[in-house]
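K.L.:
predicted model and sequence follow; I will ask about them next.
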Protein chains: 4
Amino acid sequence: MPKNPQGNKFKRSPTREKIHEIIFEADTPYGKLFDVVLLILIAASVLIVMLESVDYINIKYREIFFALEWVFTVIFTLEYLLRLYSVYRPMRYATSFFGIVDLLAILPAYISLFITASAQSLLVIRAFRLIRVFRIFKLGHFLNEGNTLLRALRASQVKISVFLMFVTLLVIIIGSVMYLVEGGEGSAFSSIPRSIYWAIVTLTTVGYGDITPATELGQFLSAVVMILGYAIIAVPTGIVSAEMVRDSRMEVSTQACRFCGAEGHASDADYCRKCGELLNEP
Amino acid sequence: MPKNPQGNKFKRSPTREKIHEIIFEADTPYGKLFDVVLLILIAASVLIVMLESVDYINIKYREIFFALEWVFTVIFTLEYLLRLYSVYRPMRYATSFFGIVDLLAILPAYISLFITASAQSLLVIRAFRLIRVFRIFKLGHFLNEGNTLLRALRASQVKISVFLMFVTLLVIIIGSVMYLVEGGEGSAFSSIPRSIYWAIVTLTTVGYGDITPATELGQFLSAVVMILGYAIIAVPTGIVSAEMVRDSRMEVSTQACRFCGAEGHASDADYCRKCGELLNEP
Amino acid sequence: MPKNPQGNKFKRSPTREKIHEIIFEADTPYGKLFDVVLLILIAASVLIVMLESVDYINIKYREIFFALEWVFTVIFTLEYLLRLYSVYRPMRYATSFFGIVDLLAILPAYISLFITASAQSLLVIRAFRLIRVFRIFKLGHFLNEGNTLLRALRASQVKISVFLMFVTLLVIIIGSVMYLVEGGEGSAFSSIPRSIYWAIVTLTTVGYGDITPATELGQFLSAVVMILGYAIIAVPTGIVSAEMVRDSRMEVSTQACRFCGAEGHASDADYCRKCGELLNEP
Amino acid sequence: MPKNPQGNKFKRSPTREKIHEIIFEADTPYGKLFDVVLLILIAASVLIVMLESVDYINIKYREIFFALEWVFTVIFTLEYLLRLYSVYRPMRYATSFFGIVDLLAILPAYISLFITASAQSLLVIRAFRLIRVFRIFKLGHFLNEGNTLLRALRASQVKISVFLMFVTLLVIIIGSVMYLVEGGEGSAFSSIPRSIYWAIVTLTTVGYGDITPATELGQFLSAVVMILGYAIIAVPTGIVSAEMVRDSRMEVSTQACRFCGAEGHASDADYCRKCGELLNEP
């Protein structure tokens, strides 16, 4: 009999347990099927939102979109209620990150019954259903790999923060200088914030070209900023690379064979790769 | 006497064997010569297709292009027939990836005899002859280096998939927010898919500038997205770098243990790391 | 009793010591509070400068901005005077980098009392107050991480200089060739410096699009430059990555041998690798 | 007495030896001075060429530029003649890479005496004087660092070639597909070469924006190409990083101490860092 986290032994109806297993666990065949179907539904509902925002498509298929939206809303509402019913602590789920996201996924449709205005905002809020897709990380090995990435990022978190702070100061200073150099009547560098926006566009090598230097001094400074950006982009890459190399190195164990002294065994090795003896006594 | 893969001993005519050797093998002088000549012909035929698509060149040299196209088609047809004749299992070749590509390389010319319309599509299909160039990987050390690259990419396949999935979700959410912020009458952010296109253009630092934020809030959000893209681009680079460093550090042999089937032994290993048996008989 | 760096024993008033502790040290609660409040004030004053440069905001809130500017100036003046009063060697502080920056932070307001013109320049000079934010590096672990980054950059300093020199030569040569190919009446490539500007914009993958090749030969050369830039961007990244991996692998201690002065010992070394003497007395 | 490379013992005049030492060697004070002065002259002469190409500057200072050009030409001619006079094998120098570059540095001025047309071409050829700056690599430690970079690049040469070949095939195929999708009357994708140019601009994340997809299918395909480019850019970076990490790792010797067995000594260590014994017997 499954236990709830508190280990209480009060009995729950088998149906409720079954629903819980299907909805919240991904190891059983039904649980997996449920997750896959749910992901497809979420993707479909977000696709509808996207198409709805395209004017000429919306005009054509308005009715179909309207109907589909309600179909998705009813399904997601049902799912939400079942989650509330089967979960061990309903309040905790309802106030959790995913609980709120699940609620936001169904609210817009109901709100639109009462308020007709700001349809656009509701459209976009519906797009946030996509966040629910992150539930996919419950599924098997995605979690592992995602974790490796996260671990590498988290390990270099402070380094990256220092780097981003430095970049922020840099773009403010570059933006101020360029405002002084290029600013003036009719210039694209019409204010310091706009110049900072330009500095970011340039330093990150995005380079829209909506704001470009017109004077020769401005172009010279831009060139310096670009070369700088070229060198600077190496820093976050170096940080993450070093972290990942360190991470992948750890998989070689530091163990030496007790018989022949050979080193460099893979961390999951059981026998010495040089003399064939058992590495660890049972 | 060479054997066919099935090991049957039925005799094949020496001519047929000779043709097979020239066309399918790259170790003999004639085989190498054949491959090099073929690569040049493919490159030339693709070059013709490209020039043909440039209007003012096409008007001038239409007759020459037409003649050359038939020369290439006849040569490639001959090659295709010889391959079919000399290969051990003609059907298997004809339905293989390269068999189909080889057929597609000659079909457009014959189709154009019957259908005159959609000349443009045929033009482009002919450009796919280029895929045949990948046969070059039969040649010596290209294969090795290509394999190292492929191995590094394959080893980080799941990490890269997780990363790309995350980027996809990110651009959809960024696109939706920007549609809400910048969208409206006469805005370049006229629909969510277009906003997502903008988000991808920005996050990958391509930055065409065909769609740029006009409002101040939009520019601020863009700046955040760019700095984000700056940090995010470090991730795939870190993944591949770590994989290549690992690859160059520990040459993992492709050998499997004869007893327990375990793989992933270091290239200088003598004993299986899982069952302790000798890997190679003396 | 705290000593000043010269170790003189003349007595300083306790108030003066207290002020010194609060302003110059970050370990005590008051010192930390002072630093945090100062950082917020600096950020706020820079934000005001930015908003002031936006025309329509400035027109609306001119009076408020004017008042706030004087509030900040008075606070920063007070801070500057207190620093001068409490520091052990006032002249040395006044002529240090941060001493000058601190002075520049308050000067513009006083200058504007006498000179009314060039308000824009004063505006921008005020933005340089931001440099004072670098004092944050006094705070705990930022320093550490910043140092790791700096060490990796400094270790690869010569390599990066050689690389930047090579890139400089490359863009001058590319710019000259493109001027020859694309230059002419009405072309965007109107001079060699402008062509070099284009070469930098392209090679760094910024790609504004304000200058683009119009001829076919020019487009072909651009394509070559881009692919080149693609390969070249790997070099600084590789340099920094290698340096950071090395840094994380082998923590080199900063210790020098007491006998022969050799440096660069591994952090777990007990004996000098050059003369064999004990590194640390027990 | 210095010998020429053939070891012949015929006497050369001491003046000639002295000139050879100054011009061709960088170790003596005069040799170093000569190199530095030469570098400055080259930089100055290239700067003049650049300024000369800017129309409004050229109109103003035409006479000064003309005079300076002849000053530089006379100096460089003198230098060329002295090199020819003092070198051991004049013909070998004259036909070497730098010999030809040195000649090209002075020819344009003399040619302009006879031919007045194509002044622009001569202008640009003069800019190639810059290549002479590479002589700087004769100077001390630049050579070392440049060599490290070159070694890393050369070691990954084949990998990078395979990568560039793959990228070339990719952009041709992407260009052909986009020509099929976006091509047509009035489209910016007017021919396959132009579409390939666009594909390169996009894949390398340069993104000029002079050619952008207009149809929705085209924008979708572009987005895929960009994400692809995002992942692909990781490959050359990974290659070079791995090579440089390997390069920097080699500096740790594989030697173990004969007395205590400790490993991980720096490659230039003489004494064991753990027990202080000599690592190598004399």
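P.N.:
Nice, I can see it. Numbering: from 1, shown residues only, chains lettered A, B, ... in the order given.
K.L.:
what about the stretch 51-200 of chain A, any weak spots by pLDDT?
P.N.:
Applying pLDDT under 70 to the stretch 51-200 of chain A picks out residues A:116-120, A:135-149.
K.L.:
what are the ranges of the helices in it?
P.N.:
Here the stretch 51-200 of chain A has its helices, by DSSP state H, counting those that start in this stretch, at A:55-86, A:90-94, A:97-114, A:119-127, A:140-155, A:157-182, A:192-203.
K.L.:
which one of those helices is the most hemmed in?
P.N.:
helix A:192-203 (a mean of 26; mean count of other CB atoms under 10 Å in any protein chain shown). For every residue, glycine as well, the C-beta is placed using N, CA and C.
K.L.:
is any part of it close to chain C?
P.N.:
Yes - counting by CB under 8 Å from any CB of the partner chain, chain C is contacted by helix A:192-203 at A:Ile192, A:Pro193, A:Arg194, A:Ile196, A:Thr202.
K.L.:
save those as TSV, and put in distance to C:Gly209 too.
P.N.:
TSV is the format used below for the residues of helix A:192-203 next to chain C (distance: CB to CB, whole Å):
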residue	distance to C:Gly209
A:Ile192	24
A:Pro193	23
A:Arg194	19
A:Ile196	21
A:Thr202	13
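K.L.:
if we only consider those residues, which is nearest to chain C?
P.N.:
A:Ile192 (4.0 Å; CB to the nearest CB).
K.L.:
spatially nearest residue to the closest one (excluding sequence neighbours)?
P.N.:
Among residues not flanking A:Ile192 along the chain, C:Ser53 sits closest, at 4.0 Å (CB to CB, 6 or more residues apart in numbering or on different chains).
K.L.:
touching, the one you found and C:Leu123? I think so.
P.N.:
Yes - between C:Ser53 and C:Leu123 there is a contact at 6.0 Å, judged by CB atoms under 8 Å.
K.L.:
what touches both of those two?
P.N.:
Common contacts of C:Ser53 and C:Leu123, defined by CB atoms under 8 Å, 6 or more residues apart in numbering or on different chains, comprise A:Ile192.
K.L.:
ok, the nearest residue to A:Phe128 once chain neighbours are set aside - contacts?
P.N.:
What sits nearest to A:Phe128 in space, not counting adjacent residues and going by CB to CB, 6+ apart, is A:Leu104, at 6.1 Å. Counting by CB under 8 Å, 6+ apart, A:Leu104 touches A:Ile125, A:Phe128, A:Arg129.
K.L.:
over to A:Ile100?
P.N.:
A:Ala94.
K.L.:
do you know how far it is from A:Leu122?
P.N.:
A:Ile100 sits 17 Å away from A:Leu122, going by CB to CB, to the nearest Å.
K.L.:
now stretch A:36-52, how far from the centre of its chain.
P.N.:
Taking CA atoms, centre = their mean, to the nearest Å, one finds the center of stretch A:36-52 at 18 Å from the center of the full chain.
K.L.:
actually stretch A:50-70, not the one I typed
P.N.:
With CA atoms, centre = their mean, you get 28 Å for stretch A:50-70.
K.L.:
and the contacts of that stretch?
P.N.:
Contacts of stretch A:50-70 (CB under 8 Å, 6+ apart): A:45, A:48, A:109, A:123, A:126-127, B:172, B:179, B:183, B:190-194, B:196.
K.L.:
with stretch A:164-178 instead?
P.N.:
Outside stretch A:164-178, the residues that touch it by CB under 8 Å, 6+ apart are A:189, A:192-193, A:195-200, A:203, A:213, A:218, A:221-222, A:225, A:232, B:227, B:230-231, C:46, C:49-50, C:124, C:127-128, C:130-131, C:133-134, C:136.
K.L.:
closest to D:Glu25 out of the residues of helix A:192-203 next to chain C?
P.N.:
A:Thr202 (43.9 Å; CB to CB).
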